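Student: What shape does this take:
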Amino acid sequence: MSDSSPTSPLLGTMDKLRKQLSGEGDDEKGLVTQISDGSTLSWSTRIKGFAICFILGVVFSFLGTFLLFTKNGLTVFAICYTFGNLLALGSTCFLMGPINQLKRMFKETRIIATIVVLICLALTLCAVFWWNNKGLAILFCILQFLAMTWYSLSYIPFAR
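Tutor: Numbering: from 1, shown residues only. Okay, here's the model as predicted:
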């Protein structure tokens, strides 16, 4: 069987699995590296995952805006808008992987922007569910938008 056959990657994966389960694996690799090696996605799959999550995030954000004027609209808006922002934020995990995403999110240059985004996401939901304060919910949604913009700009050199 040649190395270019379609079963070659499967055999390689099975060989890695066998080595890990039998204790023959490379002990010098860290746990994060081992997990990353075992769960790699092809580039086309990463792009598709990114696109789907990002588009769903945008759809949920707009859906929340349209549902703002229905009964219990503010609650639905805050949930949809926050969930949409979480999906859009998480979509980049497909491009760079979850560990690299977290490392980049908490880099010195954007740690403040990341913390502000996460706090705004949490406060929006608190304003809706626990405090039942519509004014605060709208304020936190606006702050959420501004914080996400600031966070996004932190990835562009000299944009902030």
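Student: Run a quick neighbour tally on residue 51.
Tutor: 12 (other CB atoms under 10 Å). For every residue, glycine as well, the C-beta is placed using N, CA and C.
Student: list the helices and strands the strand or helix carrying it packs on?
Tutor: Following DSSP states H and E, one finds residue 51 within helix 43-66. Contact partners of helix 43-66 among helices and strands, from 3 or more CB pairs under 8 Å, 6 or more residues apart in numbering; DSSP states H and E: helix 73-96.
Student: got the CA coordinates for the helix it packs on in CSV?
Tutor: Extracted in CSV, the C-alpha atoms of helix 73-96 (Å, rounded to 0.1, in the frame of the first residue of the first chain):
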residue,chain,number,x,y,z
GLY,A,73,-38.7,41.5,23.5
LEU,A,74,-35.9,42.9,25.6
THR,A,75,-35.2,39.6,27.2
VAL,A,76,-35.2,37.8,23.9
PHE,A,77,-33.0,40.6,22.4
ALA,A,78,-30.4,40.4,25.2
ILE,A,79,-30.2,36.6,25.0
CYS,A,80,-30.0,36.5,21.2
TYR,A,81,-27.5,39.4,21.0
THR,A,82,-25.3,38.0,23.7
PHE,A,83,-25.4,34.5,22.2
GLY,A,84,-24.7,35.9,18.8
ASN,A,85,-21.6,37.7,20.1
LEU,A,86,-20.4,34.6,21.9
LEU,A,87,-20.8,32.6,18.6
ALA,A,88,-18.9,35.3,16.7
LEU,A,89,-16.2,35.4,19.3
GLY,A,90,-16.0,31.6,19.4
SER,A,91,-15.9,31.3,15.6
THR,A,92,-12.2,32.2,15.6
CYS,A,93,-11.5,29.1,17.6
PHE,A,94,-11.9,27.2,14.4
LEU,A,95,-9.2,29.2,12.7
MET,A,96,-6.5,29.2,15.4
